[in-house]
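Enquirer: okay, predicted coordinates and the sequence, questions at the end:
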2 protein chains.
Amino acid sequence: MTEIKVSSVGERNLISRLSEIFKAPGGKESREKGVLIGAGSDDCAVLDMKGEDCLVITTDMLHRTTDFPAEMSPWQMGWMSAAVNLSDIAAMGAEPSGLLMAIGMPADTEIAFVEELAKGIQACAEFCGTSVIGGDLDTHAELTITGTALGRVKKSQLLLRRGAKPGDLVCVTGYTGSAGAALEALQYGKPVSETVLKALFEPIPRTKEARILAESGAGTSMMDTSDGLAMSLYDLSRESHVGFIIRKSSLPILRDVREFVSSPGKLTELSLYTGGDFELLITIDPLKLKKVQNICNLTVIGECTKYEAGIMLESPGCELTTIEQRGYLQLKAEEVDKSYLSKTN
Amino acid sequence: MTEIKVSSVGERNLISRLSEIFKAPGGKESREKGVLIGAGSDDCAVLDMKGEDCLVITTDMLHRTTDFPAEMSPWQMGWMSAAVNLSDIAAMGAEPSGLLMAIGMPADTEIAFVEELAKGIQACAEFCGTSVIGGDLDTHAELTITGTALGRVKKSQLLLRRGAKPGDLVCVTGYTGSAGAALEALQYGKPVSETVLKALFEPIPRTKEARILAESGAGTSMMDTSDGLAMSLYDLSRESHVGFIIRKSSLPILRDVREFVSSPGKLTELSLYTGGDFELLITIDPLKLKKVQNICNLTVIGECTKYEAGIMLESPGCELTTIEQRGYLQLKAEEVDKSYLSKTN
């Protein structure tokens, strides 16, 4: 018997092997059972609720050594555990309906730590207009938090990764590269502003923006940028069968990040290839841009092209280079310790 | 600052501290947001789906050292991870709508192990008429599996822990004490039949029975017995404000378990005070018993009394003794290693 280990196959390969076993929904039988979108192809699974709504649901497991930089406070660990899941709900255009938190923690954890963690979870849930409706507590060698978030959205407003068409505008909420700059600062012990660190430690789920975008009917596809902008563009490209031209000069970057970074190359690296920003990446019908542009903090960064044209970065001098398919898997890593730093995929 | 540790407060105390922080739903605001039942008071949280249905949802985190006896196969670990969650869905009378599995595993785990685990999850999901619709995979020092199950049930058919009335009959599906006998056999290295071991390693979610019971309208309250029959009776008692008389001679016990056990006292101990059976405990309107008695494997074990009468065990000679409030928390433990053995609560 061959003894292939998990470490030697990579996450995406393993997911694809397991999907075979789970007979990934999508077929006739699944649809009859109300599964509109199954595992793996979008930010959330989607269940038909029989009426005009559908239910979106996602789960994410975080571990102390691999997912929480040592500098994070317990409140921030709680906030982030809720935020990573609520961001996936936002990515579908849905309104959150509830959060379940399963927490395994060492028996010698101080109660004060657990209470701070819970306060961080509660603060993020409240910020997103929802609450913790269930969970599980037990003891475990390493702090491990699995959050599950539920949301609801009208079927007609659901925003998937597929749906973008050539000619659509590509937009992002907020700023890109902030979390990447914070990681860089932590890794090399460089000074960086509180604003930048907060972008990494307290990512803001774009719940309100998501609802505005979904209700507007202007969006054609959407996802979050938790794995980095480049990886997200590749995901949208695969699901929507489009290419992209992204204008380098249009990428929204915090002034603090521009000041922190020494070279323009580094700035592009952080903006495209490191994750943790949890912004929304959305493609918008150009005729409908006006409907949403002034009601949420949205920046047009490029446009959709034919799939065959690839995923390109346009310099201010109109030079085109290919955006690489690499990034950073949502503060996840195959190696333990400082592995929350940028890595190739 | 006092530095109280998690280990010194106990699970239920900690849950109550955290519930304060999470402002446990149940209030007006929660109901407006569609939360019918929040964390902690039932087997699942319940969300209003606006139409005639409600959604039930539960999550459970399992760890290799504390939740899976060393003798279990990877397939059985997978089955159990799905089963503990699907049993909670059954406990509400609901039909499962999907399963999400977050799996953290050591990097040196063999792919063959992971595939067997996935096959066990899939087999249990399929047995319950549902499928894996989402999940998360990453590497982690110890195998940790957090399952989340969703289900749907008409509001009029939802079975809660509250609702039992004095005079109602108390029934259980299947057998009681089988998982307890298997644990006893493993702990002391005693020989025991395959049937008994299977009861512990491959617990069967009572999905079909749950639907029959819910559709019949005969049940007044329901939960599963994963924490042991005694603990479950205490939970129903608290939520329904009833007492119980349970007839010792009526407890359904497998012949293999009777043969395995040396003394009648031990038999009572296993039937009442060890968990892992995952059967349904249901109270039934006596006028409606006939509607369900012949369509699912149900045993009447006693009846509901006034709350003040307590929770009593009646011997064949009509002697009454109090059933103690102790049990075994769903293969969970505060201590690591062999701590899946019976413990007081």
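Expert: Great, that's in hand. Numbers count the residues shown, from 1 in each chain, chains lettered A, B, ... in the order given.
Enquirer: the nearest residue to residue A:146 once chain neighbours are set aside bridge partners, please.
Expert: Excluding the flanking residues, the one nearest residue A:146 by C-beta to C-beta, 6 or more residues apart in numbering or on different chains is residue B:146, at 3.6 Å. Any C-beta I mention is one placed from the backbone N, CA and C, and that applies to glycine too. Note on residue B:146: beta-bridge partners by DSSP bridges are residue B:61, residue B:102.
Enquirer: I'd say residue B:146 and residue A:61 touch.
Expert: Yes. Contact criterion C-beta atoms under 8 Å: residue B:146 and residue A:61 qualify, at 6.0 Å.
Enquirer: give me the phi and psi for the most centrally placed residue in chain A.
Expert: Per C-alpha atoms, centre = their mean, the C-alpha nearest to the average position across chain A is that of residue A:226, at 2.9 Å. Backbone geometry at residue A:226, expressed as degrees, to the nearest 10, gives phi -60, psi -30.
Enquirer: same question for the one 10 residues further on.
Expert: Here is the backbone geometry of residue A:236 (degrees, to the nearest 10): phi -60, psi -40.
Enquirer: contacting residues for it?
Expert: Contacts of residue A:236 were listed using C-beta atoms under 8 Å, 6 or more residues apart in numbering or on different chains, and they are A:161, A:164, A:221, A:223, A:242, A:244, A:281, A:283.
Enquirer: now, those that are in strands?
Expert: Of these, the ones assigned to strands by DSSP state E are A:221, A:223, A:242, A:244, A:281, A:283.
Enquirer: now, which of the residues you listed sits nearest chain B?
Expert: Proximity of those to chain B (C-beta to the nearest C-beta) peaks at residue A:223, which lies at 14.9 Å.
Enquirer: distance check, the residue nearest to the centre of chain A against chain B.
Expert: 12 Å (C-beta to the nearest C-beta, to the nearest Å).
Enquirer: now swap in residue A:89 and tell me
Expert: 12 Å.
Enquirer: that residue sits in which helix or strand?
Expert: helix A:74-90 (DSSP states H and E).
Enquirer: other SSEs contacting that helix?
Expert: In terms of contacts (3 or more C-beta pairs under 8 Å, 6 or more residues apart in numbering or on different chains; DSSP states H and E), helix A:74-90 is packed against strand A:53-63, strand A:95-105, helix A:111-127, strand A:144-154, helix A:194-201, helix A:207-216, strand A:219-224.
Enquirer: can you tell if stretch A:109-120 touches chain B?
Expert: Yes. Applying C-beta under 8 Å from any C-beta of the partner chain, one finds stretch A:109-120 touching chain B at A:109-112, A:114-115, A:118-119.
Enquirer: what lies in contact with that stretch?
Expert: By C-beta under 8 Å, 6+ apart, stretch A:109-120 touches A:73-82, A:103, A:105, A:143, A:145, B:1, B:3-6, B:9, B:14, B:17-18, B:21-22.
Enquirer: going by neighbour count, list what's buried in stretch A:198-217.
Expert: Across stretch A:198-217, burial judged by 16 or more other C-beta atoms under 10 Å in any protein chain shown covers A:199-216.
Enquirer: need the mean per-residue confidence for stretch A:264-272.
Expert: For stretch A:264-272, mean pLDDT is 92.
Enquirer: report the buried residues of that stretch.
Expert: A:267-272.
Enquirer: for it, the distance to its chain's centre please.
Expert: Chain-centre distance of stretch A:264-272: 19 Å, with C-alpha atoms, centre = their mean, to the nearest Å.
Enquirer: what's the answer for stretch A:81-90, then?
Expert: 8 Å.
Enquirer: now stretch A:83-100
Expert: That offset, for stretch A:83-100, works out to 11 Å (C-alpha atoms, centre = their mean).
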